[in-house]
Structure formats: C-alpha cells, structure tokens
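In: Quick one, what's the 3D model for this:
(chains A and B)
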Amino acid sequence: MFVFIIAGCLILSTPLFAGPASESAEAGGMYGGTLTIGTVRIDNELRSADLRTGDWAMDTYCSPFLERLVIGDVDGAGPRGKNLSPFDYGGGGIGESVITGEIADSWEVTPTKLIYHIRDGIMWYADHVDFMETRELTAEDVAVSWNWWKEHDLGTSYFIDKIYAEGDTVVMTWEKPNYLWVFWTGCGAGGVAVIPPEVIEVGSDQWENQVGTGPFYVSEIERASYAKYKKNPIYWNTTIIDGEEYSLPFADDLVYPVIPDEATRISALRTAKLDLLVYLNIAQGDTLLSSNPDLKSHKYTDSQWGIILQCSESQYKDLYAQADAITDGKFVNQDLRHALSYATDQKALGDAIYGPGNYELNAWWLPVGGPEWTAVGDMPTEVAELYGYNPEKAKQLMSNAGYPDGFEFTLMMQSTASAADIGAAVKDQWSKVGIDVTLQPLESAAISALRHSLAFPDARLSTLGSSPRQVADYTNTRIKRYSGLWDPGFDNNFADAAETTDPGVRSEKFKDLALELIWDNDMVMLPAPKALVIWWPWLQNYYGEINFGYNNIVPALSRMWIDKEVKDELGY
Amino acid sequence: MIPTVLIASMVVFFAVRLIPGDIIDIMSEEMGTFTELDRQAIEEMLGLDVPVFAQFGRWLGVARLADGTFKGIFQGNLGESLWGQGSVIKLIGKRWPVTLELGLLGLAMSQIIALPIGIWSVLRQNKFGDYFGRSLATLFISLPNFWVGTMVIVFPSIWWGYMPPIMHVKFSEDPLGNLVMFVIPGFILGMALCGTTMRLTRGMMLEVMRQDYIRTAWSKGLRERNVVVRHALKNAFIPVITLVGLQVPILVGGTVIIEQIFSLPGMGRLLINAIAQRDYPIVSGMLVVVAVAMVLINLLIDLIYAFLDPRIRYS
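Out: Numbers count the residues shown, from 1 in each chain, chains lettered A, B, ... in the order given. Model (predicted):
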C-alpha cells in the first residue's frame, strides 16, 4: 500500500521535475536561431545588388529584404491553407488565383489601368545605413521605384505605359489588359521589387546600400562566400498558427552560403551545415535520402527540356519577312518535325537518365496539374501520340518530307553534363531511323552570341521555360519565336487569350493554345526531370514550397522556425 | 621583367576578347528573353565601342578615356569591373590573401612532407622505407587533386558527419578556424608538388651521396645527420628549388579547382567567373598581377641559388 502511494506521488509530481514543456510545432513557433539555406540560384560572385543588370540570381539574394506588390499566398493558397498550389514551381508560374497582397493590400484590373492600393504601416527599415532614416513606405516610393526600373526597361514591362502615385494607390496605365501583369508588375523578377528613392540616389548596386521592407536586412556580404541577413525588428507581416498570431520572421538570422560545387552542397546538407537545400537533382537526392532517412523532402517538376528546330532562317532574322520566305528552314515541314518526335523514345530516355517515375512528359506551360495543363493521357490522340515512340511512322513521315534515306543536322547545346546526357541519348535514338546528328556543345555565352548574331543553328537543345510568360517568347506578338515558325493564326489567338481578363476563360484558351503549340512541334518535347527540396526535420512549419513569385522562397523562410530540441535529439 | 609582363598582358588582353560571346550577350541571356538591347549604348557605357587596340591603349594608360583622362596600368589603375563590382584592384585585394594562404600552405606542406621522405628514401635505399616513399610519391603525382578534394569532402561527411567549414573564416577574426578551413585544401593542392619533390630529392640525394666528398665525410666518422644535412642536402637542394619555382604557377593554377570544391573565395574563382562572365578588366588585371608575381618569384629563386651555391654570383 505504502509503495503504491509513493509511486502515485512520484507519477503525479513528474511534471515538477521534468522541466518546462517543450514548445512543439503544434503549439506555435519558436523564435531565434539561424537559418542556413542552400539556394536554387548559385551566384558565385554576388556581383551586384542592382536588379537592373538582369542577373536573376540577384532575385534570390535580394528577396530577403525587398518586397513586391503581390506575392504567392503562402498562408491561404498553399499547403498551409486551401492547397490550391504547392508553390514548388521555379519559373514565373504564379497565377491570379493564388496570390495575395504584399506591399499592396488590394488591386484593380481595368481595361485601361492597373491600380495597386498600397498597404498602410509598412516601414523601410534603415537603422543599418546612414543615408536614410527608418520611415513609412508611400505610394510615391513605389511609383519612383517603378519608373526608375522602367527607364532601364529591357522589354519586361512593355505593356505598361505610365506609372504614377495617386493618394495611397499606384496606377499603371496600359493600352489593353495583359495577363502577364501578375508576373511583370506583381510578383516576378528584377525591378518588380520595390526599392526606396534614397537607395536609387546613393547607388542601388552596392550591397551596403540596401534597404527594404522585407523580413530581413543585409548584415554582411562576402562575395563568393556568403550573404548574411538579420531579422527586421519592425517587419509588418504576421502569420496565424492554430488561431494565434505570430510576428515574423521567427529566425534571428538568415545565411545563404555560396557553395559552387554540387558534391560540397550535398555534403553540407548531410552534415547539417545547411538546414535546407532548395534544389537537388533526383538521382543524387534519392541516394542522399536513402543514406539519411531523417531528412525530409518534397519532389517537384523541374524545367522541361526540348529541341528548338529552325523552321525559317529568314523569318528568324526578320520578324516581318514575307510569308513566302518561310520555306528556307530545314524544319519548315511539319512532317519532318513530327518525325523527330516519333523517333524519340521519351519513356526510355526518361527512365535511363532520371529513373522510372522521376520525370514528367509534359511540363510545359503552367505548373503540372494547373488549369492550363493537360496530362498526356487527356490530350487528343494525334497530339498524345507525339509523346509515344513509333520509329516506323518516323521513317514514313521523313519519306513524305523528301528524306526517305534519312538526313543530318547539327544540334547546338550547352556544355553541361545534363545537356550532354540528353544530347547523346537522342542522337543514339535518332540514328536508328537514319537521322545523323552532330552534337555541338558550346558555352552559354557563345550560344547567346550566335543567337544575337542571328546565326541560328539547325536545332538547339535547351530547357524551354515553363510559363505563359516564357511561352510569349515563342510567339511573334512581341518577341521572335525561336524557331522562326510563323503562325499568324496562333499569334492572334495568343494575343486574344493574353487580353482576356476572366482567369477561368483565359486558362481554357491557353489550354487549347498549348495543345496547338505542341502539335506545331517546332520544339521537340523531352522529359522534364523531377527535383527535390530537402531539409532537416528541425525546420518546422515548412511544406516544401520553393517559390512564391520568381525564385522567391522568402515567405516560407520567414515562417520557418528551428526546433532546438529536435536538433539536439539528432545530435547536431 | 617589364617587357615580359607587357607581352603577357597583351596576349591575355587580346586572347580573352577572342572568346565567342561578349558581356552584352550574357546580359541579354540573363534577362531570359531574346529582346533587342540597345547594344550601342551599353558598349559606349562599358568602353567597348572603340577598336580593341584603342581599348588596350586605354587599359595601359597611354590612350585617353572617353572623359579625356588617363586611367590605366601606368597610372596604377587596373580598371573597373564591367559588371559593377567596382575597382579591379580592390577586388583582387580582397581575394589574393585567400589564394596566397592556400598556395603558401600547399607549398609549405608539400616541402615539409616531401623533403624528409625523400631523404629517408635515400638512406633506406632499396629497403621498405625506400619502396614506401617512392610509392607514396607516385600516388601523390597520379591522383588528380579535384578527385581527392571531392573524396575528402564526401566520404568524411558520410562516415563521420564531418566536413570543413563552408564559409570563409578570416585569419584576423579566428586564426584557428581559418587554419582548420585551409589546411586540408592546402595539402591537397600541394600533393602533386609533394610527390614530384620527393622523387627529385631522392634522385639528387642519391647522386650527391655518391660523390667523393661525401665518402670523405663518412670516412672522417661524421654522424649520418651531419653528412646528410650539412654536406649532401645543400648541394642536392638546388634543382629542387628550381622545381619549386617552376611549379608555383601550376600551384596557383590549381587553386581554381580547390577553391571551387572547398568554397574558398580566392583569386582562382574570381578569374574563372570573370572569364565566364566576360568581365575583361578583371581577367586582364588578374593576369597582370599573376605575371608580375611569377616574375618576382623567379627572381627570388635566382637569389636563393646564390645563397645556396657560393659559386654562383650575379654581377
């Protein structure tokens, strides 16, 4: 009896001796600690903070402190909310239905204007610089930043005419609505991010001059080594977890180490020198996960590869060349273009290079599973067949096109390992139907020089880009279609879709246009590999999101916290 | 020395401009869209709108810039980065300590390991010590340093959960941390030189040890240490010094890969990135600095000869 009383007392008194209960993820966030993140864009030199240089890597390094008018709705539309989007898409694929206001708290899209209502109470945090005071952001600041960006516009916000502040709003006028407003004015790349006039005046390219409204501010940059940021103590945004509101960010410090070598990055993650690695190719990711089962991961679809075929040299060189000039390209004949697809065993190629199940056959246009996307199985039969393998049909089509015994051409590609694998695989497959391909690996600057000199090769192997924004590059409405193929009917339909203001109707139009583009086949589709984002389990409140605008993971980073108990338990 | 540096700088200046693609091509590629850039305006802004010979004259400081001033090598100015990273001299100034430390550690560790083993091989000729030394030298020469570097990063991370620091630690802030970061890459960098020095030391020592004056030293009853260090090594060392002098450029060149693998922000990475980004002033400026350094090192080697061999005197 006595023993039972003592045991009962001991059991009941356990909470007194156990120490304070740990704050689990379910109970809310933990403040403090340093997030060390392996980013998707490795800029070896952290050259310049000036987003006008067009260096997209700088979007990654500037996003911790610079904000945009709108952003992907991390709390409402992602895995934390209604799960409308996994936000795991690297390119500019954020649609209207999944965005929320960042610097703007609301907006209006009219036939002649885009009006952003600027949020009250957002502060420029400037205690770390001496050329400006910490103060409230105004609509005039946004207008000045935007006009400065537009002065140096390299064609990105071509559809915006004027920008001016009107009270608490920023007004952007246009001739007619363009669906790309979400990306090119709202949440996308480059100068879409808002910077203060004072920074423009002293020099926006210097890292020590950077001031923003974001959850962090720049504390230390060592070029080619790291970028370090500290928590913005007056950051405006909050998040709700289990009904309780928390100020952001949770972490005190954010570090982006610059690790150019991939093996070193993987080892850094393995040894917990990195808390999270945003990109790892699927083959290495699977090996890492099998040897480190504690790690968490999320699989997403990377950019689709394709072969851009030269359909018309003169059309490529002169957008306004006469229609009868489009006969001078090697691949102007659609049968020949289709033959290449039928001669490509995409499944075998994907299985060999990426592994079974680690690729997507159709990853072009907006994210896989999105409203503009069509699964291969749901495509019209003749379009779906282009993803199949039929060497006999390939030979028949080649014969129809006047090449019964095959033909030869040069395939230009980047001198990277991925391109080399894919190039060698398609060369081998095509040789079986009599197509002799000479692979021409070149450095990216050399490729760029060739493109700008309009010396377009027979064909070019490249990643294709994966959003209507980049598909616009393939139409003749604004920018030359890379293949030189001139299809005025398509261009008119594309322009019509781009001007459609109803998102649902527009998505249906783009869905049809995507199938049309695939049928045109001036770009032979190749599998899109999967990739992984991998992180340690002590990172709480993270669901594998990598992008809320353009390579912008910061909204997720600001909501992440480090569970020190879990980290200790794992021995780090 | 000056003509050598001038000729080297001229070769580099023109050679880098022969690479296909220029900075404007890269800028437009990075914008991600094939747009019509105002190429002329950008060329004017970057000083690329004049003929290459005029650009060379400006870079040397014998031709005026667009603003009428002279700002070239002869005025002590290596130019400005085309990508807005600032003065080339300042950029190199921030990066050369890393490469210097890496190179010096590589050199020092290679000699500290190679000389004793080379001598040991000679003293234990045709015995286990000799076979071990020769095998080790062959291994060091044949293993590529990029492979060893990757293995040293990957396998300890798997077996012991360890890897060297990934972010640069300055010596002035944390000397021990800095050495921890540099000692492994330094050794790997110096491995090939270590193997070559081992073999050369062994060969030269064998030759010297067969000389009459060495036999005389033995016959006088001197201890092994005195015979080797005071009589043999000094004479055997002259070709080794020559080798070290010839290997220093190779060592500097090898830092590119080591810096990449170990994430060290040195001159090697700056150079390779500048070439990839067509940042001509950085490439030209760095190669001038390296050329000057090589010439000075060779001068130093020549002076060391005079110290080691009294028969050598320079008029």
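
In: Briefly note if stretch B:284-300 comes near chain A.
Out: No: judged by C-beta under 8 Å from any C-beta of the partner chain, stretch B:284-300 stays clear of chain A, getting no closer than 13.2 Å. In short, each C-beta sits where N, CA and C put it, glycine included.

In: Only the buried residues of that stretch, if you could.
Out: Using 16 or more other C-beta atoms under 10 Å in any protein chain shown as the test for burial, stretch B:284-300 gives B:284-294, B:297-298.

In: State the helix or strand in which A:I115 lies.
Out: strand A:113-118 (DSSP states H and E).

In: gap between that strand and the chain center?
Out: When distances are taken as C-alpha atoms, centre = their mean, to the nearest Å, strand A:113-118 is centred 25 Å away from the chain's centroid.

In: List the neighbours of it that are in contact with it.
Out: A:69, A:103-108, A:137-139, A:142, A:160, A:168-174, A:177, A:181, A:185 (C-beta atoms under 8 Å, 6 or more residues apart in numbering or on different chains).

In: Most proximal residue of the stretch 351-500 of chain A with respect to chain B?
Out: With C-beta to the nearest C-beta, the shortest gap between the stretch 351-500 of chain A and chain B falls at A:A445, namely 3.1 Å.

In: Can I take it that that residue is in a strand?
Out: No: counting by DSSP: H, G, I helix; E, B strand; the rest coil, one finds A:A445 to be helix, located in no strand.

In: Which pLDDT value belongs to it?
Out: Turning to A:A445, the model gives it a pLDDT of 82.

In: got it, and A:S467?
Out: Reported pLDDT at A:S467 in the predicted model: 55.

In: Also B:K71?
Out: If you check B:K71, the pLDDT there is 86.

In: does it really touch B:G61, like I thought?
Out: Yes: look at B:K71 against B:G61 with C-beta atoms under 8 Å: they come within range, at 6.7 Å.

In: Just after the host helix or strand of B:V240, pick out the following helix or strand.
Out: Taking DSSP H and E as the definition, B:V240 sits inside helix B:234-261. As assigned by DSSP H and E, the chain's next helix or strand after helix B:234-261 is helix B:267-276.

In: low-scoring stretches of the chain, by residue?
Out: With no chain named, the answer covers chain A. For chain A, the stretches flagged by pLDDT under 70 are A:1-27, A:40-44, A:52-57, A:90-93, A:153-157, A:313-328, A:365-367, A:452-456, A:465-482.

In: not quite, I wanted chain B
Out: Across chain B, the ranges flagged by pLDDT under 70 are B:29-38, B:312-315.

In: re the thing from before, residues in contact with the helix or strand just after the strand holding A:I115: which ones?
Out: Per DSSP H and E, strand A:113-118 leads on to strand A:123-124 as the next helix or strand towards the C-terminus. Contact with strand A:123-124 is made by A:M132, A:T134, A:R135, A:E136, A:L137, A:D141, A:P196, A:V211, A:G212, A:T213, A:I234, A:W236, as judged by C-beta under 8 Å, 6+ apart.

In: sorry, back to before: could you give the number of residues near the residue of the stretch 351-500 of chain A closest to chain B?
Out: By other C-beta atoms under 10 Å in any protein chain shown, 20 other residues sit near A:A445.

In: Not counting sequence-adjacent ones, nearest residue to it?
Out: Of all residues not flanking A:A445 in the chain, B:G21 sits nearest, at 3.1 Å (C-beta to C-beta, 6 or more residues apart in numbering or on different chains).

In: mind listing what the one you found touches?
Out: Contacts of B:G21 by C-beta under 8 Å, 6+ apart are A:E443, A:S444, A:A445, A:A446, A:I447, A:S448, A:A449, B:R278.

In: can I get the CA coordinates of the strand holding A:I115 in CSV?
Out: The C-alpha trace of strand A:113-118 is given here as CSV (Å, rounded to 0.1, in the frame of the first residue of the first chain):
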residue,chain,number,x,y,z
LYS,A,113,-5.3,50.7,-65.8
LEU,A,114,-3.9,48.5,-63.1
ILE,A,115,-4.4,50.1,-59.7
TYR,A,116,-2.5,48.9,-56.6
HIS,A,117,-3.7,50.0,-53.2
ILE,A,118,-0.6,50.4,-51.0
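
In: Name every strand pairing with it and say which way it goes.
Out: strand A:104-109 (antiparallel), strand A:169-173 (antiparallel) (DSSP bridges).

In: The residue nearest the centre of chain B and chain A: what is the separation?
Out: The C-alpha lying nearest the average C-alpha coordinate of chain B belongs to B:V252 (C-alpha atoms, centre = their mean; 1.2 Å). Remark: distance between B:V252 and chain A (C-beta to the nearest C-beta, to the nearest Å) = 17 Å.

In: Surely that residue touches B:G103?
Out: Yes: using C-beta under 8 Å, B:V252 is in contact with B:G103, at 6.0 Å.

In: contact partners of stretch B:170-180?
Out: Contact with stretch B:170-180 is made by B:P97, B:E101, B:P164, B:P165, B:V169, as judged by C-beta under 8 Å, 6+ apart.

In: Selecting buried members of these in ChimeraX, what would you type?
Out: Filtering these down to the buried ones (16+ other C-beta under 10 Å) takes a single ChimeraX command:
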select /B:101,164,165,169
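
In: filter the contacts of stretch B:170-180 down to the ones near chain A?
Out: Taking C-beta under 8 Å from any C-beta as the test, chain A is in contact with B:P165 out of the contacts of stretch B:170-180.

In: Nearest to chain A among the contacts of stretch B:170-180?
Out: Among these, and counting by C-beta to the nearest C-beta, the member closest to chain A is B:P165, at 7.9 Å.

In: how about that closest one, what does it touch?
Out: The contact partners of B:P165, taken as C-beta under 8 Å, 6+ apart, are A:K273, B:G177, B:V180, B:M181.

In: Next one: the second one from B:K170, what distance?
Out: Computed with C-beta to C-beta, to the nearest Å, the distance linking B:G177 and B:K170 is 9 Å.

In: Any residues of the stretch 101-250 of chain B in contact with chain A? List them.
Out: With C-beta under 8 Å from any C-beta as the criterion, the stretch 101-250 of chain B meets chain A at residues B:T150, B:I153, B:V154, B:S157, B:I158, B:G161, B:Y162, B:M163, B:P165, B:I166, B:M167, B:H168.

In: Of all pairs in those residues, which one is the farthest apart?
Out: B:I158 and B:H168 (24.4 Å; C-beta to C-beta).
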